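>>> I'd like to go over a predicted model; first the sequence, then the structure.
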Amino acid sequence: MEAVPELTPMMLDPHDSEGISSHLSEHGYAVIEDVASPAELATADALLWDGHLSGTLGWARNDPLTWRDSVGYSDGIMTSAAHCDAMWYVRSLPRMAAAFATAYGTEQFVAAFDAMSVNRPLSTRSPSVQQRADTTYPHGKLNPARLHTHHDQEGYGEGELICYGILPLYDMNQATGATAIVPGSHRKVKQINVWREQHGNTLEAFTACGLTPAVLNCKAGSLVLFDTALFHSECDAEDPTGRTGHGSDQLLRAIFICSMTPTRLLARQGPHVFEARRRAYELDVCECLRVHIP
């Protein structure tokens with residue numbers, strides 16, 4: 001089987017209502033350009049390193065050997081960063097809010113389940129990093145079993161558009177590792193799941209439905225906005241050394257995963273939901289931010 005292709009998406013303006021809506025409807029995703037400016041990216045980078053990676057995890061920026069695994073993190077999703085200053089800074093960017101407002105057609109929404117994904121180069125000498133580098137598949141670095149949708153999970157309303165947003169702090173592509181998506185899969189969730197039940201979690205579950213999984217090539221500061229029904233996953237780096245990416249002494253990839261949900265959906269459950277979410281922030285509890293829609 002051929003390698004999973006890399007996709008350089010069409011870039012849209014955060015105020016382009018027609019473009020964002022049509023792309024989300026047809027393809028299940030839309031990529032908004034320049035949601036974070038170079039200056040804002042520099043601020044987010046400084047907040048991430050000075051505040052969370054160095055201050056909380058004890059990583060020294062110029063010493064990959066200090067980038068160790070910790071509780072709740074090996075290599076990839078870093079739930080401990082959900083309430084760090086960098087995360088709140090990025091989710092509060094004006095163009096971030098504008099993109100979600102355009103997608104939902106309302107400015108009344110709240111932050112949902114958010115986290116970061118941080119991947120490290122081989123120079124860290126971490127067993128979890130080495131294990132990922134050593135793992136490949138017949139078609140490349142994408143594990144088809146990890147491609148998933150939230151459409152069939154409890155808490156995601158049938159027929160309701162709920163979007164995730166992924167903002168890369170640095171350029172991401174096949175070499176660095178990136179987000180993989182299956183354009184159009186949000187329309188064929190049941191068909192894909194039936195195929196998987198009968199034949200297993202292979203890429204053929206998508207190609208048999210006329211769909212092509214792809215690895216995104218996105219610039220730092222852009223926002224990948226996608227319907228939570230869309231099949232998606234993380235794809236590991238083709239070059240885990242980092243030499244063809246940001247350098248062997250730099251992070252392979254760091255993305256902010258920002259989800260917003262319209263306030264009206266949470267309001268169905270009453271004011272106690274909003275109080276619980278405020279408490280989740282105060283207690284620095286990530287899981288309490290998950291969106292549950294009856």
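Arrived safely, thanks for sending.
>>> using CSV, write out every CA atom in stretch 136-155.
This file holds the C-alpha atoms of stretch 136-155, laid out as CSV (Å, rounded to 0.1, in the frame of the first residue of the first chain):
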residue,chain,number,x,y,z
THR,A,136,6.1,1.9,11.4
TYR,A,137,3.3,0.5,9.3
PRO,A,138,3.1,-0.7,5.7
HIS,A,139,1.9,2.7,4.6
GLY,A,140,4.1,4.9,6.8
LYS,A,141,3.9,6.3,10.3
LEU,A,142,0.1,6.6,10.6
ASN,A,143,-1.6,4.0,12.7
PRO,A,144,-5.0,3.5,11.1
ALA,A,145,-6.4,2.0,14.4
ARG,A,146,-5.8,5.5,16.0
LEU,A,147,-8.1,7.2,13.5
HIS,A,148,-11.2,8.0,15.5
THR,A,149,-14.4,10.0,15.6
HIS,A,150,-16.3,11.5,18.5
HIS,A,151,-19.6,11.2,16.7
ASP,A,152,-20.5,7.9,18.3
GLN,A,153,-19.3,8.8,21.8
GLU,A,154,-21.6,9.7,24.7
GLY,A,155,-21.8,13.5,25.1
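>>> ok, and for it, which residues are buried?
For stretch 136-155, the neighbour count (16 or more other C-beta atoms under 10 Å) marks Tyr137, His139, Gly140, Lys141, Leu142, Asn143, Pro144, Leu147, Thr149, His150, His151 as buried. Just so you know, the C-beta spots here come from the backbone N, C-alpha and C atoms, and that holds for glycine as well.
>>> spatially, what comes nearest to Ala133 if we skip its sequence neighbours?
In space, and not counting its chain neighbours, Ala133 is closest to Pro240: 3.8 Å by C-beta to C-beta, 6 or more residues apart in numbering.
>>> ok, back up a step: can you tell me which of the buried residues of stretch 136-155 are in helices?
Secondary structure assignment by DSSP state H places none of these in helices.
>>> sitting in strands, which of those residues do you find?
With strands taken from DSSP state E, there is no overlap with these.
>>> which one of these is nearest Glu204?
Pro144 (8.5 Å; C-beta to C-beta).
>>> contact partners for that closest one?
Contact analysis of Pro144 by C-beta atoms under 8 Å, 6 or more residues apart in numbering lists Tyr137, Asn201, Thr202, Leu203, Ala205, Phe206, Pro213.
>>> pLDDT at the residue nearest to Ala133, what is it?
In this prediction, Pro240 carries a pLDDT score of 97.
>>> Ser70 too?
pLDDT for Ser70: 85.
>>> ok, it touching Leu57?
Yes: if you go by C-beta atoms under 8 Å, Ser70 and Leu57 touch, sitting 5.5 Å apart.
>>> what's the overlap in contacts for those two?
With C-beta under 8 Å, 6+ apart, Ser70 and Leu57 have common neighbours Ser80.
>>> what about those two, which has more around it?
For Ser70 versus Leu57, neighbours defined as other C-beta atoms under 10 Å are more numerous around Leu57 (18 against 13).
>>> how near is the more buried one to His246?
Using C-beta to C-beta, to the nearest Å, Leu57 is found at 19 Å from His246.
>>> same deal with Val129?
From Val129 over to His246 the distance is 15 Å, taken as C-beta to C-beta.
>>> quick one: which of the two has more around it?
Neighbour count, other C-beta under 10 Å: between Val129 and His246, Val129 has more, with 25 against 19.
>>> could you look up the SS state of that one?
Secondary structure, DSSP: H, G, I helix; E, B strand; the rest coil: Val129 is helix.
>>> where does the nearest residue to Phe226 once chain neighbours are set aside land on pLDDT?
Excluding its sequence neighbours, the residue lying closest to Phe226 (C-beta to C-beta, 6+ apart) is Tyr29, at 3.8 Å. On pLDDT, Tyr29 comes in at 97.
>>> doesn't Val224 make contact with Tyr29?
Yes: counting by C-beta under 8 Å, Val224 is a contact partner of Tyr29 at 6.3 Å.
>>> what sits in contact with each of the two?
Common neighbours of Tyr29 and Val224, using C-beta under 8 Å, 6+ apart, are Pro9, Ile181.
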